[in-house]
Structure formats: structure tokens, C-alpha cells
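# Fold the stuff below for me.
(2 chains)
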Amino acid sequence: MHFIPEIITNILLFIVLYFEVFILLTYLETREKRNLPPTLLPKQLPSVSIIVPVWNEEATILKTIFSLLKLNYPKDKLSIFIVDDGSLDNTWKVLQRFSRNSQIKLLKKENGGKHTALNYALEFIESDLVGCLDADSFVHPEALKKIVAHFENDKELFAVTPSIKVHNPKKIIELMQRVEYQWAVLLRNILSYMNALYVTPGPFTIFKRNVFKMLGNYKHAYLTEDMEMAMRMQNSGLRIGNAPDAFVYTVTPQTIRTLYKQRLRWTYGFLRNVIDYKHLFFNRQYGHLGMLVLPTASISLVSTVYLVVNTISSWTKSLFTSISQIQTVGFHFAWPQFDFFYFDTSIIFFLGAVTFIGTFALVIFARKLSENKITLSLDLVYFFVLYAFISPVWITKAIFNVAFARKTKWR
Amino acid sequence: MEWKKYAYTFVITAVIFATAIFLNNYFSQKKLNEVKNIESRIAIDILASETQFSLLSELPCREIGSSVLSQELATLGDKLSYTEENRGADDEEVLSLKKYYSLLEIKDFLLMQKIKERCGTTAATTSPAIIYFYSNIKDCPDCEKEGFVLTRLREEYPELRVYSFDYDLGLSALQTLIAIYDVKNQTPALLINGRVYYGFTSIEDLKKIIPEFKILDKQKALLQSSPKATSTSN
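Modelled structure (predicted):
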């Protein structure tokens, strides 16, 4: 009776495991490259413009701007464009203190969404490179130089992504995300070696100005314009790189509710963009991205939901059995007796164990890359336990919304 | 495209998978062997008891007691139902182990009847026996509940011997037992002291039906009131 679910579970586990092995192999392959000393900096630094789209962000905007002003980069080569996208609070007033700063240009427009703010600023920009920084993020002083070095190193790069860290994590939910972001640092780096990045993160991805001239400006793209831009670049064969040592700090959701909304938006956006760019799937022309990364990323969403629904249903079943038992004969506590006979030795158990060990190893490597040290702390537990329970909720909802064409909101 | 890498990855993943399948088979076989071992130990126990019984008809009833009756039947039953859950009820190995288990249960039951006949009101009489018929094929929501009741009773009275049978198991000896006691195809059914009770029977009802429980309760109360006395019930 449980034959078919078992086969489906095994196939899904095979795919997940295949991807994990591929990622681990790539990690080992590229280890030497990753350990290379920082590249020498070019004498002629390119001009860079950073766009900061702002909407009702009077509380954090100053910190963001100050972090940009503290960037170790020649002042005459770095311009900051702050676009007030029709804020309703005091943001515009707060921004006025920079009105006489030669590096900063203040722009104001009617509210139209993040992508319109970015596009509005792009009209004024003619520098060699251009990037964006969300008003809830802060850059490390060396971040820009490190990114620029990558452009100099590899002339074929059209965009370089940074490494994003969680700003000042304290709550459990932030600590959980810290591990997730560390994991993303490694994954982004490995994917860059595979030329398979499908997101150019909003916080501080730097593009060649040409990209927007060649491919057009940002699109609404289901509120995930940074994902759509990356897919559009991949679609046109423009390479995206990664600077793992260029750090950006971002404020992450601090409640389950806001995290849920953010992730729902991301997952929904991913699914819709993937549908729009479905011709990339299993298309050899798009390399690892088309053959492996996008298909696995999509399947892993489905399999997460499937595995969790399966687990929950089996737990519910045992819960009902226990309830029925208590109703019938009352509650009697007995210490479970250990007998190897009752130890789970199913195929799924062994594969699950291997997959978990692989994931754990990757997370540890990720910590090494993003923090430069290996630490074992409680946040790992939060990540592995909590994330496994809450992520299926937004994934399920996102799949549901895509299937029934519902729109997601920003906030 | 690096096709080689895709191929290597496939090979590595396949090896991991094959290892998982191998480990699963290895441990399944080990578990089956364990069940088989328990079965053969019980078979030897029963055969030994029977032989002892026929050889020494003069054997004092006190010595026969419940000690000759294999204590492992309950463990075997638990392990077998776990195996059945994992491998599926129609698994060949499971079926054959289940048939053998049922045969052992019948033999154990018969042996106990014989002891009862000969020794009457000694230790063996205080070993109450319940024959329990359940069904896996038919929808039997009460079977699970009856199972809880019997497990609980067995925890409370380790002397209780529960013989559980799958009513639909194609085993001639079992069908004969069903025919002798005229057990209808209505599960759960309990056969206690020659009488069949159909439908869910609660712990309280069973305690009323089986008088031996009262004797056991009295024995326990006696033991508790004289803490120095050592247990003789096993």
C-alpha cells in the first residue's frame, strides 16, 4: 500500500542527494581558487554609482548612507543616488542633511515600487558600474573595492554579487536566518563557479552600466526584480560573478509573520520568474543553470512540501493512535526499552541521514567561508529544526498562490 | 558542459543509494533472522515441555508451573507485528513467519490446556489465557482498541497469555481451531474459557469475565503486605 509514496520519496531524495553531491564536488574542486590571496587592486578604479531606493525608512536610512560614505573608495569615483519613492513619513526631511554633499544626489518621485525607483535613478547614471543598496542594509568599508577587483580580474563579468550577512542577530529567528545567510554565502559562491547564479541580490550587487542599456531596465517581476534581472542576464549569456569577501549586512525579519511574508514573496517570485524563463530548463545552452540548478531548485520546493506533508501525516496518525490508546486504557507511562530490533533501518532513513550529514558539512564549510572560522553554536539547531518546520508553510502557500494566480504583497 | 562531472555525481549518488539499499536489506534480513531464531527457540521450548510432560507424568505440578511455557511468545508477537508493518502484510517471509507463529501459539495453548487438566488449581491455573482474533483485511476499528486493552492487561498481569490470530490467515490448523470453537467472522473476537465474546471488550469487562485476575490481585496484595517474601509467580 505504501509502495508508491515510497518510490516518490526515493526519487525526490535521489534528486536532492544528487544536487548535494554536485555542490560538494564543485566546492572541493574550487577550493584552491577560493583560497587565492585577494587580487591586487587596479590603479584606475572605475566610477561607481549606488542607488538607494527608500520608502518610509526614516529610521534606518542614515545608517545605510553613512556606511556608503565610509566605503574605502575615491570620493570622485563614487556617487550615491537616493530615491525617495514617495515616502509618507519624514524620510525626505531626514535626507535633507545630505543636500549639500557632492557625493550624494537626492531624488524624489511618486510612489511606484522599488523597481520604478531604481529605473528612475538609472536615467541619471552614466558611471562604469552601478549597484543598489536597500535602505535596511549596510556595507563593509572594503566591500566595493573587493567587488571591483573581481570585475578587473575577469573582464567577462557583467555583475558581481556580494556576501550578505545578518545585521546584529539576537533573536532566535534572526540567529536561524544567520545560518541560512551563511549557507547562502557558500551556495552563491559555488553557483558563481558553475555560472549558475539566478539572483543578483538587491543589497549591493554591482552591475556594469551597460547591462541595463543592453537588456533594459528593472521590471516589476512579481516584486523580485533582483531575481528577474539575474535570469534575464543568464538568458542573454551575461556572466554573474561573486565576491565572497565583500560583506553586506542586512536587517532581517524579526518576527515569524514578517519572515513569512518576505519568504512568501521570494518563493512566489521565484516560481513566477521560473515559469517566465522556463525555456532555460534542460537547455544545454544555459549550462548548469538550465540543466541542474533551476530544475533542482524547483523540485526541491515541491519535495520539501511533499516530505513535510508526509511526515506530518504520519505523526498525526501516531498521535491519533496514542489518543485512542489513552481513551481506551488510560495513560500509563513506561520508559521505552531500547531494542535494536525497533531501530529504523529503512532506505529513507539512511538516505535522510546522508543528506543531513552532507547539508551539515556544507553549512560548516559555509561558516568557514563567511566567518572565517568554524563554530558550533545553538543557531545551527534553530536552523535545522525550526527552518524545517516553518519553510514548508510559505513554500506551500507560494505554490498555492501560483497555481491559483494570487498576488503577494510586499508587507 | 562538464558531462563527466554529471556522470561522476551520478555514480557517487548511485553508490550512496546502493549502500542505503544494501544496509536496509542487511538489517531487514538480520531482523527476520532474529524473528526466526525466537521462533525456533520457542519451538524447542514447547517441544521440550511436551516431551518432559509425556516422559515424566509424575512431574510435580508445582514444578511445571508457568515456567515451562515459553516466555518469549509475547516478544515474538510484538516483533512480528512490527515486521509486518514495515514489510507489508503480503510479504512472503512475513506470511510464513506469521503462520509458524500461529502454529506455535496453538501448540502453546494446547500444552497449557493439558497442564491445566492435570494439575488443576495450581500455579498454571492462575495463568489466564485469551485467544484473540483480529482482521487485517476487513475494516476493524475496534481491533486496534482491543489490541491496546490486551497489551495493557499483559503489562498489568505478566502471567496472562494472549494468543492473537489473524482470522483470515490461510492456515489449516487455525481454521480447525476456529471451527472447533465456532468463532464467527466478526472481529474483534475473544475466546476465553471456551466462550466467544464478539466486539470490543473493555479491561473492566475482561476482569469480570476472567476470575483468575482476582486470584492474581490477591496474590499481589499478599506479596505487598509481606515485603520480605520473594516473588514466586514467575
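# Shouldn't B:Glu144 be within a helix?
Yes. With DSSP: H, G, I helix; E, B strand; the rest coil as the criterion, B:Glu144 is located in a helix.
# OK, contacts around the residue nearest to it when sequence neighbours are not counted?
Spatially, and ignoring its direct neighbours in sequence, B:Glu144 is nearest to A:Ser324 (6.6 Å; CB to CB, 6 or more residues apart in numbering or on different chains). No exception for glycine: its C-beta is placed from N, CA and C like everyone else's. Residues in contact with A:Ser324, defined by CB atoms under 8 Å, 6 or more residues apart in numbering or on different chains, are B:Glu144, B:Lys145, B:Phe148.
# For the closest residue to the second one other than its chain neighbours, report the pLDDT, please.
Beyond its immediate neighbours in the sequence, the residue positioned closest to B:Lys145 (CB to CB, 6+ apart) is A:Thr328, lying 4.7 Å away. pLDDT for A:Thr328: 84.
# Quick check, A:Thr328 in contact with B:Leu150.
No. Counting by CB atoms under 8 Å, A:Thr328 stays clear of B:Leu150, with 10.6 Å between them.
# Give me the more crowded residue out of those two.
A side-by-side neighbour count of A:Thr328 and B:Leu150, using other CB atoms under 10 Å in any protein chain shown, places B:Leu150 first with 22 against 18.
# What lies in contact with the one helix or strand that one maps to?
Counting by DSSP states H and E, the element that carries B:Leu150 is helix B:141-156. Here helix B:141-156 makes contact (CB under 8 Å, 6+ apart) with A:321, A:324-325, A:328-330, A:332, A:334, B:74, B:130, B:132, B:134-135, B:160, B:162, B:164, B:187-188, B:190, B:199-203, B:206.
# Out of those, name the ones that lie in helices.
A:Thr321, A:Ser324, A:Gln325, A:Thr328, A:Val329, B:Ala74, B:Ile203, B:Leu206 (DSSP state H).
# how far away is the fifth one from B:Lys145?
Spelled out, it's A:Val329. 9 Å (CB to CB, to the nearest Å).
# Check B:Lys138 too.
15 Å.
# Considering the ones in helices among the contacts of helix B:141-156, which member attains the minimum pLDDT?
B:Ala74 (78).
# how about CSV for the contacts of A:Ser324, with neighbour count added?
Shown next, in CSV, are the contacts of A:Ser324 (neighbours: other CB atoms under 10 Å in any protein chain shown):
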residue, neighbour count
B:Glu144, 15
B:Lys145, 19
B:Phe148, 19
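# Closest one to A:Glu57 out of the residues you listed, please.
B:Glu144 (58.7 Å; CB to CB).
# Give me the three-state assignment for A:Tyr249.
A:Tyr249 is classified as strand under three-state DSSP.
# any chance you could map the helices in chain B?
Under DSSP H, chain B gives helices at B:3-55, B:61-64, B:73-87, B:92-119, B:141-156, B:172-180, B:203-209, B:212-225.
# mind listing what's buried in the fifth one?
Read that as helix B:141-156. Judged by neighbour count (16 or more other CB atoms under 10 Å in any protein chain shown), helix B:141-156 contains these buried residues: B:142-143, B:145-154, B:156.
# Mind checking what secondary structure A:Lys108 has?
Going by three-state DSSP: A:Lys108 is strand.
# and it, how many neighbours does it have?
15.
# before we move on, back to that, in TSV, list the contacts of A:Ser324 along with pLDDT.
Putting the contacts of A:Ser324 into TSV (pLDDT from 0 to 100) gives the following:
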residue	pLDDT
B:Glu144	87
B:Lys145	89
B:Phe148	89
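# Low-confidence regions, chain B specifically.
B:1, B:56-71, B:120-126, B:226-234 (pLDDT under 70).
# domain parsing for it?
B:1-120, B:128-234 (automatic domain parsing).
# Correct me if wrong: A:Val94 contacts A:Glu58.
Yes. Under the criterion of CB under 8 Å, A:Val94 makes contact with A:Glu58 at 4.9 Å.
# what sits in contact with each of the two?
Between them, A:Val94 and A:Glu58 share no contacting residue, judged by CB under 8 Å, 6+ apart.
# Output stretch B:40-58 as CSV - backbone C-alpha positions only.
Extracted in CSV, the C-alpha atoms of stretch B:40-58 (Å, rounded to 0.1, in the frame of the first residue of the first chain):
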residue,chain,number,x,y,z
SER,B,40,12.9,-21.8,16.8
ARG,B,41,13.7,-21.2,20.4
ILE,B,42,10.0,-21.2,21.2
ALA,B,43,9.6,-24.4,19.2
ILE,B,44,12.3,-26.1,21.1
ASP,B,45,10.8,-24.8,24.4
ILE,B,46,7.4,-26.2,23.6
LEU,B,47,8.8,-29.4,22.3
ALA,B,48,10.9,-29.8,25.4
SER,B,49,7.9,-29.1,27.6
GLU,B,50,5.8,-31.6,25.7
THR,B,51,8.4,-34.2,25.9
GLN,B,52,9.0,-33.5,29.6
PHE,B,53,5.3,-33.7,30.1
SER,B,54,4.9,-37.1,28.4
LEU,B,55,8.1,-38.6,29.9
LEU,B,56,7.5,-37.6,33.5
SER,B,57,3.9,-37.9,34.0
GLU,B,58,4.8,-37.9,37.7
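# Quick one: distance of it to the chain centre.
Computed by CA atoms, centre = their mean, to the nearest Å, the chain-centroid distance of stretch B:40-58 equals 19 Å.
# Same question for stretch B:149-164.
On CA atoms, centre = their mean, the centre of stretch B:149-164 falls 10 Å from that of its chain.
# coming back round to it: distance from the chain centre to the helix holding B:Leu150, please.
12 Å.
# cool, and stretch A:186-202?
For stretch A:186-202, the distance to the chain centre is 9 Å (CA atoms, centre = their mean).
# can you check stretch B:137-145 too?
18 Å.
# Repeat that for stretch A:213-224.
18 Å.
# Keeping just the C-alphas, turn it into PDB.
The C-alpha atoms that make up stretch A:213-224 are tabulated as PDB, following Å, rounded to 0.1, in the frame of the first residue of the first chain:
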ATOM      1  CA  LYS A 213      21.500  49.500 -21.800                       C
ATOM      2  CA  MET A 214      21.700  46.100 -23.400                       C
ATOM      3  CA  LEU A 215      18.800  44.400 -21.500                       C
ATOM      4  CA  GLY A 216      16.600  47.200 -20.500                       C
ATOM      5  CA  ASN A 217      15.700  48.400 -17.000                       C
ATOM      6  CA  TYR A 218      14.300  46.600 -14.000                       C
ATOM      7  CA  LYS A 219      10.900  45.100 -14.200                       C
ATOM      8  CA  HIS A 220       8.200  44.600 -11.600                       C
ATOM      9  CA  ALA A 221       8.800  40.800 -11.800                       C
ATOM     10  CA  TYR A 222       6.400  39.800  -9.000                       C
ATOM     11  CA  LEU A 223       8.300  42.000  -6.500                       C
ATOM     12  CA  THR A 224      11.500  40.000  -7.000                       C
END
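# tell me which of the ones in helices among the contacts of helix B:141-156 is nearest to A:Val308?
Distances from A:Val308 to these, taken by CB to CB, are shortest for A:Thr321, at 20.2 Å.
# contacting residues around that closest one?
A:Thr321 sits in contact with B:Glu144, where contact means CB under 8 Å, 6+ apart.
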